[in-house]
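Novice: give me the fold of what follows.
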Amino acid sequence: MVEISRRRAIEDVASDLFREHGYAGTSIRDIARALSVQGASLYAHVTSKEDVLWAIVERAATRFETAADAAERAAELRRPGDAGEALAALVRAHVDVLTADVGAAGVFVHEWRALAPEHRDAILERRDAYQARFRRRIEDGIAVGAFAMTDPAIATSTLLSAINGIATWYDQNGRLPADHIADVLVDLSMRMVSNP
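Specialist: This next block holds a predicted model:
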């Protein structure tokens, strides 16, 4: 248990540093200094800086996927087959993950490209599958006339890019609570795709 909590502390500190300075701008010494330990002692818990990045990104990817799974199931129970309900649920779930751990989510959004090729390819595949959920819901909405005729891939990229901006500005001690931000972004997202 101590090993797990120590490893998690390293990842949490690294998330904050990677978010603030970028992966390339953060060294193992920076992480060690933030934890008040010697750089060499970190290697008892991690094999490399990239190992820490992979753990952060992989954990965040799993959180996004798990939240999306739950959101889609709940939307289907509330309003079966309703593309708008499903898309709104996906947007809300995405915002919830971003605001629950903005450090790790921010690293996932901005630093995954710094991973070694095999890890980068694995995350790219998962990211593409995750984005396909949003694209399918937009396609479904277009098919029934609920959403405007548009390019679903561009709409998905635009929507997620706008929402992912949260990772650069959200402050959990700021003036806006996470649930209010989610409400606003769901509203804006639905306006973006809705058929006028």
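
Novice: for the stretch of helix or strand residue 5 belongs to, buried residues please.
Specialist: In the assignment (DSSP states H and E), residue 5 maps to helix 2-21. Residues 6, 10-19 are the ones in helix 2-21 that count as buried (16 or more other C-beta atoms under 10 Å). All C-beta spots, glycine's among them, are computed from the backbone N, C-alpha and C.

Novice: contact partners of stretch 52-59?
Specialist: Stretch 52-59 is contacted from outside by 7, 10-11, 14-15, 18, 23, 31, 46, 104, 107-108, 111-112, 114-116, 119, 123, using C-beta atoms under 8 Å, 6 or more residues apart in numbering.

Novice: re the thing from before, any chance of the buried residues of helix 2-21 in JSON lines, plus pLDDT and distance to residue 162?
Specialist: Shown next, in JSON lines, are the buried residues of helix 2-21 (pLDDT from 0 to 100; distance: C-beta to C-beta, whole Å):
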{"residue": "6", "pLDDT": "79", "distance to residue 162": "37"}
{"residue": "10", "pLDDT": "87", "distance to residue 162": "32"}
{"residue": "11", "pLDDT": "89", "distance to residue 162": "27"}
{"residue": "12", "pLDDT": "90", "distance to residue 162": "27"}
{"residue": "13", "pLDDT": "91", "distance to residue 162": "29"}
{"residue": "14", "pLDDT": "90", "distance to residue 162": "27"}
{"residue": "15", "pLDDT": "90", "distance to residue 162": "22"}
{"residue": "16", "pLDDT": "90", "distance to residue 162": "24"}
{"residue": "17", "pLDDT": "91", "distance to residue 162": "26"}
{"residue": "18", "pLDDT": "92", "distance to residue 162": "22"}
{"residue": "19", "pLDDT": "87", "distance to residue 162": "19"}
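
Novice: distance to residue 151 added to the residues you listed, as TSV?
Specialist: Below are those laid out as TSV (distance: C-beta to C-beta, whole Å):
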residue	distance to residue 151
6	47
10	42
11	37
12	39
13	41
14	37
15	34
16	37
17	38
18	33
19	31
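
Novice: and the furthest pair within those residues?
Specialist: With distances taken as C-beta to C-beta, the most widely separated pair in the buried residues of helix 2-21 is 6 and 19, at 20.6 Å.

Novice: show me where pLDDT drops low in the protein?
Specialist: Within the chain, the ranges that satisfy pLDDT under 70 run 1-4, 39-40, 44.

Novice: please redo it, this time with the cut-off set to 80
Specialist: Within the chain, the segments meeting pLDDT under 80 span 1-4, 6, 38-45, 47, 195-196.

Novice: that one: helices as residue ranges?
Specialist: According to DSSP state H, the chain carries its helices in the segments 2-21, 28-35, 39-42, 49-78, 83-100, 102-111, 117-143, 152-164, 166-169, 178-193.

Novice: using PDB, list the CA coordinates for the fifth one.
Specialist: Output of helix 83-100 as PDB, limited to C-alpha atoms (Å, rounded to 0.1, in the frame of the first residue of the first chain):
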ATOM      1  CA  ALA A  83     -28.700  11.000 -30.200                       C
ATOM      2  CA  GLY A  84     -29.000  14.400 -28.400                       C
ATOM      3  CA  GLU A  85     -29.300  12.900 -25.000                       C
ATOM      4  CA  ALA A  86     -26.400  10.600 -25.700                       C
ATOM      5  CA  LEU A  87     -24.200  13.400 -27.000                       C
ATOM      6  CA  ALA A  88     -25.000  15.700 -24.000                       C
ATOM      7  CA  ALA A  89     -24.200  12.800 -21.600                       C
ATOM      8  CA  LEU A  90     -20.800  12.300 -23.300                       C
ATOM      9  CA  VAL A  91     -20.000  16.000 -23.100                       C
ATOM     10  CA  ARG A  92     -20.900  16.100 -19.500                       C
ATOM     11  CA  ALA A  93     -18.900  13.000 -18.700                       C
ATOM     12  CA  HIS A  94     -15.900  14.400 -20.500                       C
ATOM     13  CA  VAL A  95     -16.100  17.700 -18.600                       C
ATOM     14  CA  ASP A  96     -16.500  15.800 -15.300                       C
ATOM     15  CA  VAL A  97     -13.300  13.800 -16.000                       C
ATOM     16  CA  LEU A  98     -11.400  17.000 -17.000                       C
ATOM     17  CA  THR A  99     -12.400  18.900 -13.900                       C
ATOM     18  CA  ALA A 100     -12.100  16.000 -11.400                       C
END
